[in-house]
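Visitor: Task: produce atomic coordinates for the following.
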Amino acid sequence: MKSPYILFIIFISIFTFFGCSKTIPLDDIYEPHVIIRGGITQDNVVYVDIQQTVPVDVITKKPINTAKVSLYTKGENILDTKIADLLILDEKDGKYAIENQFNPIVGNYYWLTIILEDGTILESIPELFKAKVEIKEITQEDENTRVTFKDFLGDQKDFYLITYKFYNEQGDFVFTDFYIENDVFFEEGEDASSEIEYTSKSVEVEISSISFNNYNFFKSYLTQIETQDVEDGDFFSQLFSGPPANLEGNIVNKKTGRKELGFFGLFNPTIKKQDF
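Guide: Purely as a prediction, here's the structure:
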C-alpha cells in the first residue's frame with residue numbers, strides 16, 4: 001500500500017491554566033461563538049446541530065433552538081432552489097432535521113442558510129454531492145486490515161473519509177479509527193487501498209468521497225486536537241466537543257464575510273461488513 005495520510009483520534013487532553021498575580025473573571029474576557037455541525041449522511045439523513053460556546057468553567061451546553069435553518073440546492077440547468085426548512089427536534093437541544101424523506105441528487109450542490117434570532121445570517125459554502133465509492137474487498141493479513149476500493153477515474157483529485165469499526169465474536173463493538181486519504185498515491189486505473197494495524201472477528205468499513213474543503217477541515221481539526229475520546233464509534237458527534245480549535249470550516253457570516261466555527265458536509269457512504 002502507498003503511504004496514506006493517517007490521523008488517529010485518542011483520549012482528550014487536559015488543559016491546565018496557571019494562576020496570575022491578579023485574578024481576571026472569565027466572564028470579562030469570554031466572547032461567545034456559534035458552532036455549527038451538520039451534514040447529509042447515511043440514509044440521506046439531513047441534520048444540523050447549533051450550539052453557542054460557553055466559558056471553560058461552565059459544564060452545561062448552550063443549544064440554539066430559535067434559528068431558522070433551510071437547505072438549498074443547485075445543479076445543471078437548475079437555479080438556486082430551496083428544498084426544505086429543517087425543524088428543531090422535540091428534545092430542543094440545538095438539533096434540527098428535515099421532517100420528510102430527502103433524496104439528494106449526485107452531481108448537485110447543496111448548502112445551508114441559517115438565520116439566528118438576532119438576524120445574523122450564516123451560510124455554508126455549496127458542496128458537491130458525490131457518487132458512492134465501490135468497495136471491492138476487505139481482507140486481513142498478519143496484524144493488518146485492508147480495504148480495497150475503486151478510485152474514480154479522471155483528472156480531478158479525489159478525497160476520501162474512511163471509517164473502520166471492529167467487533168468481537170459476540171458482535172460487540174470494540175474499536176474504531178478514522179482516516180482521510182487523497183488519490184495522489186494511487187495509479188489511475190488501479191484499485192486503491194487503505195489499511196490499519198488492527199484485526200478482529202468482524203470489520204465494518206464505511207467510505208465516502210468528500211470535497212477538498214472537507215478534507216482540509218478534517219485534516220486541520222484532527223492535527224490540532226492532540227487527543228479526543230470517541231464513544232460508540234460516533235465520529236461526527238465528537239467534532240467541537242472539546243475546546244474549539246482555530247479551524248477554517250465552510251460556514252460564512254454573510255455580513256462580515258468571516259468564517260465561523262463549524263462545517264456542513266456531504267457524505268454518500270458505502271458500507272461493507274466482513275466476518276473473518
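
Visitor: Please point out which parts of stretch 128-146 sit buried.
Guide: 129-130, 133, 135, 138, 140, 145-146 (16 or more other C-beta atoms under 10 Å). For every residue, glycine as well, the C-beta is placed using N, CA and C.

Visitor: For the stretch 1-150 of the chain, just list every one of the strands.
Guide: 34-40, 46-52, 68-75, 78-88, 95-97, 109-115, 121-124, 127-128, 135-141, 144-150 (DSSP state E, counting those that start in this stretch).

Visitor: Between those strands, which one is closest to T256.
Guide: With respect to T256, and counting by C-beta to C-beta, the nearest of those is strand 121-124 at 10.3 Å.

Visitor: outside of the closest one, which residues touch it?
Guide: With contact meaning C-beta atoms under 8 Å, 6 or more residues apart in numbering, strand 121-124 is reached by 34, 36, 111-116, 250-255, 260, 263-264.

Visitor: just stretch 43-54 next, same as before
Guide: Taking C-beta under 8 Å, 6+ apart as the rule, stretch 43-54 contacts 32-41, 60-64, 67, 69, 71, 86, 94-98, 101-104, 112, 114, 240, 244, 261, 264.

Visitor: May I see the strands of the stretch 1-150 of the chain organised as JSON lines, with distance to Q170 added?
Guide: Below are those laid out as JSON lines (distance: least, C-beta to C-beta, whole Å):
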{"stretch": "strand 34-40", "distance to Q170": "32"}
{"stretch": "strand 46-52", "distance to Q170": "31"}
{"stretch": "strand 68-75", "distance to Q170": "40"}
{"stretch": "strand 78-88", "distance to Q170": "38"}
{"stretch": "strand 95-97", "distance to Q170": "32"}
{"stretch": "strand 109-115", "distance to Q170": "39"}
{"stretch": "strand 121-124", "distance to Q170": "41"}
{"stretch": "strand 127-128", "distance to Q170": "39"}
{"stretch": "strand 135-141", "distance to Q170": "19"}
{"stretch": "strand 144-150", "distance to Q170": "19"}
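
Visitor: if I look at T66, how far off is A97?
Guide: 16 Å (C-beta to C-beta, to the nearest Å).

Visitor: Counting neighbours, go ahead and name the busier of those two.
Guide: Neighbour count, other C-beta atoms under 10 Å: between T66 and A97, A97 has more, with 16 against 12.

Visitor: And the more buried one, how far from K259?
Guide: Noted for A97: a distance of 24 Å to K259, by C-beta to C-beta.

Visitor: do V45 as well
Guide: Applying C-beta to C-beta to V45 and K259 gives a distance of 25 Å.

Visitor: who's more crowded, these two?
Guide: Under the criterion of other C-beta under 10 Å, the comparison of V45 against K259 puts K259 first, with 16 against 12.

Visitor: Tell me which stretches of the stretch 151-276 of the chain form helices.
Guide: 212-224 (DSSP state H, counting those that start in this stretch).

Visitor: Do a quick rundown of the strands in it.
Guide: 159-167, 173-182, 191-196, 202-210, 251-253, 259-266, 270-275.

Visitor: wait, which of the ones you listed is closest to N77?
Guide: Closest to N77 of the strands of the stretch 151-276 of the chain, according to C-beta to C-beta: strand 259-266, at 20.3 Å.

Visitor: May I see the buried residues of that closest one?
Guide: Here strand 259-266 shows 259-266 as buried, counting by 16+ other C-beta under 10 Å.

Visitor: any weak-confidence spans in the stretch 1-150 of the chain?
Guide: For the stretch 1-150 of the chain, applying pLDDT under 70 flags the ranges 1-30, 54-60.

Visitor: swap in the stretch 151-276 of the chain?
Guide: The model of the stretch 151-276 of the chain has pLDDT under 70 over residues 185-189, 224-247.

Visitor: in the sheet, who's paired with I115?
Guide: With DSSP bridges applied, I115 shows beta-bridge pairing to K68, I121.
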